[in-house]
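**Q** A structural model of the following input is requested.
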Amino acid sequence: MKTAGIQTWDVIVIGGGPAGMMAAARASARGSRVLLLEKNPTLGKKLLITGGGRCNVTNNRPVVREMLRQYKDAGKFLFSTFMQHGVAETIAWFTERGAVLVEENEGRLFPSTHSAKTIFDTLKRELKTTGVTVKTRHAVKSIVKDLTTNELVVTIERGDTFCGRTCIVATGGTSRPETGATGDGYQWLRKLGHTVIENNFALVPLTLKNNWVKKLSGLTLPDVKLTIYAEEKKDSVHRGKLLFTHVGVTGPTILNLSKTVGELLAHSDVTIVMDLFPDEDAGEFKKNLQVLLQTNSNKKLRNALATILPTALVTALLEEMGIDGETPCHSVLKTDRIKLSTHLKAVPLHVRGLLGADKAVIASGGVALPEVDFKTMESRLVPGLFLVGDVLNIDRPSGGYSLQLCWSTGFVAGEHV
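**A** Residues are numbered from 1 along each chain as shown. Take a look at the predicted model:
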């Protein structure tokens, strides 16, 4: 595999994340000689921290058209890709290799071990089984098309050069740069003639102006309704899980609305109104609160409220409202009862901003989709060059959709190189 001191391969895969590992394994399984280059000391650094270290493998939407609706405008490009290797095929692929998946809320599928290492180990075993050559600490400097040989020439920073009949770029975007996702691939792809859409961090936690949230770091609310207002004008309504951090809020629901909030912040102040009891309308909740106070008439107000809300949240909200939680329920003033029934259905969260790339789950932006043939994942501009995963300009929500994009595009590229 050496010619004049330069190593030549059938396929060179750049990037040892989920898309790259899947692509390399599939190409090698089909008989190609595959070299996988990774700039980090180990593969899968970002994969191991996905889903809080539990790895949200995919979302259980096996009907292709239903799945593609989650990718919005990009869905029309992905149809052929997902028809070849979609959710059902991904579940089967991992199950056949001993990684059992279990379903959680909103269709999220995780390994039964609740550990991302299970998925990483499955992919790593597949690389070994299929005979992929892996070289870590190999940071790529450039990719050039040799017009004489029609090969793609890959040079790494320390000077070594590798030639490939084909090359798969799986370098990811720019979210979580500490994992090595620093957008290196975009520089090479621009030089090769591709249009790269500017990055916009799409799934990020929010920072808030409310000081009381700092006391709630780590607290999770499993089901709240969140209504976004820009300059007091209602924008959209969302419902699901919320997690407080030391600077604001995160969780699947927050991540999925963060891009909307970011766009609104560009021209207006944004407030998110949180309904802590979304299954009860205002009148029903007011009656239920009255019953709660009557039933617990001799208890302190904070203790009675702690039967329906987390204690830390009760303490923070009572302080915010200026209501004494030590007051016996039978002595709570009517004005305070009204304030409680109103506030708990509409807690204002004043948005300061979005956290940056270091906290982003994904970054939107990337190679313009019309420049890729999604039947094969091959570049329409550079024959022999294949583009997969986060390097593509595809927005998607939280909930397993990012990794499914990696499995689908990676498998299809590996099938066609």
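
**Q** what are the phi and psi values for Leu35?
**A** Dihedral angles of Leu35 (phi, psi; degrees, to the nearest 10) stand at phi -110, psi 130.

**Q** Also Arg33?
**A** Dihedral angles for Arg33 - degrees, to the nearest 10 - are phi -80, psi 120.

**Q** again with Leu36
**A** Dihedral angles for Leu36 - degrees, to the nearest 10 - are phi -110, psi 120.

**Q** so who does it touch?
**A** Taking Cβ atoms under 8 Å, 6 or more residues apart in numbering as the criterion, Leu36 is in contact with Val13, Gly16, Gly20, Met21, Ala24, Leu43, Leu127, Val132, Thr133, Val134, Lys135. The way it works is simple: take the backbone N, C-alpha and C, and place the C-beta from them, glycine included.

**Q** That one and Gly98: what is the separation?
**A** Plainly put, Leu36 is 22 Å away from Gly98 if you go by Cβ to Cβ, to the nearest Å.

**Q** about what we covered before: nearest to Lys76, of the contacts of Leu36?
**A** The shortest gap between Lys76 and any of the contacts of Leu36 belongs to Gly20, at 25.3 Å (Cβ to Cβ).

**Q** Can you name the residues that contact the closest one?
**A** Taking Cβ under 8 Å, 6+ apart as the test, what Gly20 contacts is Val13, Ile14, Leu36, Glu38, Ile168, Ala170, Thr171, Val388, Gly389, Gly410.

**Q** Check Arg137 too.
**A** So, once contact is read as Cβ under 8 Å, 6+ apart, Arg137 ends up touching Glu38, Lys39, Asn40, Pro41.

**Q** Could you turn the buried ones of the residues you listed into a ChimeraX selection?
**A** A single ChimeraX command selects the buried members of the contacts of Arg137 (16 or more other Cβ atoms under 10 Å):
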select :38,39,40
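
**Q** Please enumerate the helices of this structure.
**A** 18-29, 64-68, 75-84, 87-96, 116-130, 184-191, 252-265, 282-295, 301-305, 311-321, 334-343, 401-416 (DSSP state H).

**Q** Ranked by average pLDDT, which of those falls at the bottom?
**A** With a mean of 85, helix 252-265 has the lowest mean pLDDT of the helices of the chain.

**Q** C-alpha coordinates for it, CSV please?
**A** Output of helix 252-265 as CSV, limited to C-alpha atoms (Å, rounded to 0.1, in the frame of the first residue of the first chain):
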residue,chain,number,x,y,z
PRO,A,252,-34.3,18.6,26.0
THR,A,253,-37.1,21.2,25.8
ILE,A,254,-34.8,24.1,26.3
LEU,A,255,-32.3,22.9,23.8
ASN,A,256,-35.0,22.5,21.2
LEU,A,257,-36.3,26.0,21.6
SER,A,258,-32.9,27.6,22.0
LYS,A,259,-32.4,28.4,18.3
THR,A,260,-35.7,30.2,18.2
VAL,A,261,-34.7,32.2,21.3
GLY,A,262,-31.4,33.0,19.8
GLU,A,263,-33.0,34.4,16.7
LEU,A,264,-35.5,36.5,18.7
LEU,A,265,-32.7,37.9,21.0
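
**Q** Contacts for it next, please.
**A** 106, 200-206, 224, 226, 228, 230, 235-236, 238-243, 270, 272, 351, 353-354, 361, 364, 395, 397-399.

**Q** now, which of the residues you listed lie within strands?
**A** Residues from the contacts of helix 252-265 lying in strands, with DSSP state E as the criterion: 200-203, 206, 224, 226, 228, 230, 235-236, 238-243, 270, 272, 351, 353-354, 364.

**Q** which among those residues end up buried?
**A** The buried subset of these - by 16+ other Cβ under 10 Å - is 201-203, 206, 224, 226, 228, 230, 235, 238, 240-243, 270, 272, 351, 353-354, 364.

**Q** rewinding a little: so which of the helices of the chain is the most surrounded?
**A** Most buried of these, by mean neighbour count (mean count of other Cβ atoms under 10 Å): helix 18-29, with a mean of 29.
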